[in-house]
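[1] Have a look at this prediction, sequence included:
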Amino acid sequence: MQTNSRGTETATGYHPADGTDIRQDHAKQGAASPGILTSLIVFTVLLAALAATSLYNYLLFHTIAELVAVGIAIAVFTVAWNARTMRGNSYLLIAGTGLLFVAGVGLIHTLAYEGMGIFSGYDANLPTQLWIASRYLLAGTLLAAPLLLRKNPAPLGVFAAFTGVTGALLLSIFVYPVFPDCYVEGSGLTPFKIVSEYVVAALLALGAVAVYRLRGIFSPRVAGNLIAAILVLVVSELAFTLYISVYGFANMVGHLLMVLSFGLFYVAFVETGIRQPYAVVFTGLARSEEQLRREKDRLEQYLDIAGALFVVLDRDGRITLVNRRASEILGYPANVVVGEPWIERFVPPEERERAHALFLGLMGGKSAPVYARTPVLTAGGGERIIEWHNTVLRDDDGVACGTLSSGVDITERQHAEEALRQANVKLNLLSGITRHDILNQVTVARAYIDLIAEDSDEPGIGNYLARARTAVEEIQKQVEFTRDYQDMGVAAPVWQRPEDLINESASDLALPAGVRVRTDLADLEIYADPMVKKVFYNLIDNAIRHGEKITEIRFSCAKSGRDLLLLCEDDGTGIPDGEKETIFHEAYKRRHGHGLFLVTGILGITGMTIRETGIPGEGARFEIRVPNGGYRGDNERCAAP
């Protein structure tokens, strides 16, 4: 199978871009390592010494052999359990956990062996039953591990499963004696025991075949030792079918082969895991590397097809990554701009000081604008206007290590906005001049009406003059409304204190005698259009003009979920139920003035709404809902309404 420039994972292992097999390199290193030779020499000496102990005392030989296997099994479990979060597959977890429980049953088997004198009232059948139980558990473990290799079961689930199986086996031997007899004094092994050894040998052989078929996911050293260990266990099981006495020669050979197989497990998992941990979890590392590479390729594809520019800078302000769109805008391929200082290369000279301040502010953790609009220099000598969103990149210690900026080319949009702004300036100038001229003529018309009223003695003329004056005043109001409506939304919203605006409005209106305005808003601030003062002015003016018996106008606040309610209440006549909705409509203003229609528009600029909830005959009550994020300050007194 061919390899590409990034490396591929094949049926026989992971190959990097140069075509070499990393695992083969590890295998060569392992073969040349003196560690393996040392291990072989040590195990040979131990096996010889262990065999010699059988000539002196077979019970001592058996105990040492079993304890060696138990110790190795516990060591394998320790490696497997501590590597459970970084494993590349589940073989090590399942095999290591299973060997722990095999060791547990094996230890009980050792203590129950004939001559130990620990389990009174039992003969040689008990240790033989425990032996067969441990063999079935071992064979099941080594067969299940490769079959469940890619299932990635939860570690606690694996532990619980082995706990249940082991508990059931021990209960069948000690508590509910349903486990078949395996040894009969005087006649030796029972048919069940002999058949079981063959079954166990067959299951182990299947486990070895499964490992061989999946050898590509292991390092060669681990795979070779695993297969060898399992095959030695197969021969060991066959030896255990031949003895008549538990102290016989065939029994001794079987135990020596068992120790040898566990020694190979030790080399495969424990020694390799300590000396060369990459070999134990090699597949996980290789696949993780390949997965990371694929994720990187996919991310680059996403960045390339995105319409936005992406530029990544390191802590020195040098470019480490640009996407295709950024290359197109700048006019340079990515490999040319990577490593270049962004500000010195692509920011116009007159903007560099501001750009440096922005970058240093971001890297220093100071308050810096997340959004910025700056020009960039292109290869052709031109400039493009980019609107950026900046994000600080941090390392594992939380230290700023660079920035990620996504940008949108708004050059054409800004040109259109500038043209529109110029047009608005001209229109506003024209409307301002026109409005000024109209108001001058209105003033002249009012003066003539007053002169006619003074000089005329004709009956009935006064009524007509009064109507004319009303019409002229309405014209004046209409013109003044166009001025206010034109100014609405022109300037950016700002934070403002309602209490100050209310007090100023009350002062401007010159309240009638017997009417007072009371506020309870403290340091509360709202984010609103600069014309929001007209909201409070119109609410107070509306209460005075239509409240009739009014004596007090109260402003307070209340919480409504995450929103805030600004309340304006009076003790006047209130608003009829049929008009509570219509008073804010454009049509209503023609008959009753422009105030509340203008109020709705000003509040709506920053997402605020208003409604009337008072009781007719008891007073008006206006609720201004300020959305979450649109208010700040001391609002502890704003209890739920």
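    Great, that's in hand.
[2] mean confidence score for stretch 442-449?
    With pLDDT averaged residue by residue, stretch 442-449 scores 74.
[3] mind listing what's buried in that stretch?
    A445, R446, I449 (16 or more other CB atoms under 10 Å). (Glycine included, C-beta is placed from N, CA and C.)
[4] among these, which are in helices?
    A445, R446, I449 (DSSP state H).
[5] confidence score at K28?
    43.
[6] Please work out which residues outside stretch 621-635 touch it.
    495, 497, 522-528, 535, 539, 557, 559-560, 562-569, 603, 606-615 (CB atoms under 8 Å, 6 or more residues apart in numbering).
[7] let's see it at 6 Å
    Residues outside stretch 621-635 that contact it (CB atoms under 6 Å, 6 or more residues apart in numbering) are 522-527, 539, 562-566, 568-569, 606-614.
[8] ditto for stretch 235-243
    With CB under 6 Å, 6+ apart as the criterion, stretch 235-243 contacts I194, E197, V200, A201, A250, N251, V253, G254, L257, M258.
[9] one step back: select only the buried ones of the contacts of stretch 621-635 in PyMOL?
    Buried residues among the contacts of stretch 621-635 (16+ other CB under 10 Å), as a PyMOL selection:
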select buried, resi 524+525+526+527+539+563+564+565+566+568+569+606+607+608+610+612+614
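[10] Just the contacts of stretch 621-635: which are in helices?
    Checking these against DSSP H, those in helices are L539.
[11] Go through the contacts of stretch 621-635 and flag which are in strands.
    525-527, 563-566, 568-569, 609-612 (DSSP state E).
[12] coming back round to it: would you convert the contacts of stretch 235-243 into TSV that also reports neighbour count and pLDDT?
    Shown next, in TSV, are the contacts of stretch 235-243 (neighbours: other CB atoms under 10 Å; pLDDT from 0 to 100):
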residue	neighbour count	pLDDT
I194	15	88
E197	23	87
V200	25	92
A201	20	91
A250	15	76
N251	20	76
V253	18	85
G254	24	81
L257	20	88
M258	24	88
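[13] Serialize those to JSON lines and add fields for secondary structure and distance to A513.
    Shown next, in JSON lines, are these (DSSP: H, G, I helix; E, B strand; the rest coil; distance: CB to CB, whole Å):
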{"residue": "I194", "secondary structure": "helix", "distance to A513": "118"}
{"residue": "E197", "secondary structure": "helix", "distance to A513": "114"}
{"residue": "V200", "secondary structure": "helix", "distance to A513": "109"}
{"residue": "A201", "secondary structure": "helix", "distance to A513": "112"}
{"residue": "A250", "secondary structure": "helix", "distance to A513": "122"}
{"residue": "N251", "secondary structure": "helix", "distance to A513": "119"}
{"residue": "V253", "secondary structure": "helix", "distance to A513": "120"}
{"residue": "G254", "secondary structure": "helix", "distance to A513": "116"}
{"residue": "L257", "secondary structure": "helix", "distance to A513": "114"}
{"residue": "M258", "secondary structure": "helix", "distance to A513": "110"}
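[14] Pull the contacting residues for I502.
    Per CB under 6 Å, 6+ apart, neighbours of I502: T519, F536, F555.
[15] quick one: which of these has the most company?
    Ranked by the number of neighbours (other CB atoms under 10 Å), these place F536 first, at 26 neighbours.
[16] Quick check, it in contact with L501.
    Yes. If you go by CB atoms under 6 Å, F536 and L501 touch, sitting 5.2 Å apart.
[17] What residues sit buried inside stretch 381-398?
    Quick answer for stretch 381-398 (16+ other CB under 10 Å): R384, I385, I386, E387, W388, N390, L393.
[18] For that stretch, which outside residues touch it?
    So stretch 381-398 is in contact with 329, 362, 370-373, 375-376, 400-411, 414, going by CB under 6 Å, 6+ apart.
[19] Poorly predicted segments of the stretch 301-450 of the chain, please.
    302-306, 367-369, 421, 423-437, 439 (pLDDT under 70).
[20] And the pLDDT for T10?
    At T10, pLDDT is 31.
[21] Run the chain-centre distance for the longest strand along the chain.
    Secondary structure of the chain per DSSP E: the longest strand is strand 383-394. Relative to its chain's centre, strand 383-394 lies at 23 Å (CA atoms, centre = their mean, to the nearest Å).
[22] Using CSV, write down the CA coordinates of the helix or strand following that strand.
    Counting by DSSP states H and E, the element after strand 383-394 in chain order, helix or strand, is strand 400-409. This file holds the C-alpha atoms of strand 400-409, laid out as CSV (Å, rounded to 0.1, in the frame of the first residue of the first chain):
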residue,chain,number,x,y,z
ALA,A,400,-1.2,34.6,26.1
CYS,A,401,0.8,33.2,23.2
GLY,A,402,-0.8,34.9,20.2
THR,A,403,-4.0,36.1,18.6
LEU,A,404,-6.6,34.8,16.2
SER,A,405,-8.3,37.4,14.0
SER,A,406,-11.2,36.8,11.7
GLY,A,407,-12.0,39.6,9.3
VAL,A,408,-14.5,40.6,6.7
ASP,A,409,-13.6,42.8,3.7
